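K.L.:
sequence plus the predicted model coming up.
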Amino acid sequence: MKIDILKNNYCYTLEDLTYEYNWKEQIIKKGFYFNGWSIPRLMWSICHPLLQPYLAYFCKHDYHYSNKCTYLITRLEADQVLLWDLCKHNKAFWISAYISVRLFGKSHFQKDLPFKKG
């Protein structure tokens with residue numbers, strides 16, 4: 001997956017991202033803007049939110065949270081998909097990532113941020 005990281009730490013997809021959800025192929029279209037995992041910069045030395053493969057996982061999670069998502073998914077399901085993706089890599093921070101999206105993600109679910117390129 002090709003992703004461009006902008007100066008403001010927002011990202012956008014340079015090509016379509018295809019993945020499977022509920023036994024169906026899903027596509028995040030080229031040009032989808034997202035902000036990855038929003039954590040304080042102080043924590044970036046522990047787990048940088050803009051590194052692969054995690055960036056792709058947070059792209060998918062931000063897509064599920066956006067109103068651009070083309071299928072029905074609950075907030076809990078979106079968070080569980082993220083948890084499943086993170087667990088594949090057995091990283092220590094997956095617990096904090098899951099807890100943070102469960103605690104602080106509600107206000108962002110099915111809303112789009114005013115992304116600006118540049």
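P.N.:
Received it, and whenever you're ready, just let me know what you need.
K.L.:
I'd guessed residue 37 sits against residue 97; true?
P.N.:
Yes: taking CB atoms under 8 Å as the definition, residue 37 is a contact partner of residue 97 at 6.4 Å. For glycine as for every other residue, the C-beta is placed from the backbone atoms N, C-alpha and C.
K.L.:
run through the chain and note the low-pLDDT ranges.
P.N.:
38-49, 89-94, 96, 104-108, 110-118 (pLDDT under 70).
K.L.:
please name the nearest non-neighbouring residue to the residue nearest the centre of it.
P.N.:
By CA atoms, centre = their mean, the chain has its centre lying nearest to residue 58, at 1.9 Å. Take residue 58 and drop its neighbours on the chain: the residue closest to it by CB to CB, 6 or more residues apart in numbering is residue 36, 4.3 Å away.
K.L.:
am I right that the one you found sits in a strand?
P.N.:
No: counting by DSSP: H, G, I helix; E, B strand; the rest coil, residue 36 is not part of a strand but coil.
K.L.:
that one: neighbour count?
P.N.:
Residues near residue 36, counting by other CB atoms under 10 Å, number 22.
K.L.:
ok, residue 88 next?
P.N.:
By the criterion of other CB under 10 Å, residue 88 has 10 neighbours.
K.L.:
now do residue 15
P.N.:
12.
K.L.:
my read: it touches residue 1, true?
P.N.:
Yes: look at residue 15 against residue 1 with CB under 8 Å: they come within range, at 7.0 Å.
K.L.:
please enumerate the helices of this protein.
P.N.:
54-65, 75-87, 94-104 (DSSP state H).
K.L.:
ok, residue 88 to residue 57 distance?
P.N.:
In this view, residue 88 and residue 57 are 9 Å apart by CB to CB, to the nearest Å.
K.L.:
likewise for residue 86?
P.N.:
In terms of CB to CB, residue 86 sits 6 Å off from residue 57.
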